[in-house]
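A.B. asks: Sequence first, predicted coordinates after that:
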Amino acid sequence: MKTFIKSIACALALTSTVAFAHPTKEEKTTRPEAAFESSAYVTNDAKIKVAIRKNAPAKVFLTLKDANGDVLFKQTVAKNEMNYSAKFNINELSDGVYNLEIESGENRVVKQLNVVSKKIEIERKVTVQ
């Protein structure tokens, strides 16, 4: 009889710990995946290089604006074009700050580009013989 009571006590003890055990609720704090990744920079030979890699098929809109917000250039990247790269000649633009806006759906990235023209330095040497 003693062994029977001990067996029931052990069974109840093990069952109660398992019955009250439950997994904790995990909250994810990760951000949703962006629709695209992009890079843009101004080269030394007065060109803007832009590269876009899309994570999902969607249209992407490129807009180049000056400091006043005037649109200088606008282009749409096709829905099925997953990788895009381009070179834009900016020889005709004056020095200053320009904003390149890249957007797709709810995702929007604004890259600030500083355009500075190279100054030509003339070096003169006079030699006397």
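C.D. replies: Alright, I've got the coordinates. Numbering: from 1, shown residues only.

A.B. asks: Hmm, residue 114 is touching residue 41, no?
C.D. replies: No - judged on CB atoms under 8 Å, residue 114 makes no contact with residue 41 at a distance of 10.1 Å. Using the backbone N, CA and C atoms, a C-beta is placed for each residue, glycine as well.

A.B. asks: Which one's more surrounded, these two?
C.D. replies: residue 41 (12 against 9; other CB atoms under 10 Å).

A.B. asks: Work out for me the element the closest residue to the more buried one other than its chain neighbours sits within.
C.D. replies: Excluding the flanking residues, the one nearest residue 41 by CB to CB, 6 or more residues apart in numbering is residue 49, at 5.9 Å. Per DSSP states H and E, residue 49 falls inside strand 47-54.

A.B. asks: a helix runs through residue 7, doesn't it?
C.D. replies: Yes - looking at residue 7 with DSSP: H, G, I helix; E, B strand; the rest coil, it is inside a helix.

A.B. asks: ok, now how distant is it from residue 51?
C.D. replies: 71 Å (CB to CB, to the nearest Å).

A.B. asks: wait, doesn't residue 56 sit right on residue 37?
C.D. replies: No - the pair residue 56 and residue 37 fails to qualify as a contact (CB under 8 Å) at a distance of 11.7 Å.

A.B. asks: give the contact list for the residue sitting nearest the centre point of the chain.
C.D. replies: Residue closest to the mean C-alpha point of the chain, counted by CA atoms, centre = their mean, is residue 37 at 4.3 Å. Residues near residue 37 by CB atoms under 8 Å, 6 or more residues apart in numbering: 52, 53, 55.
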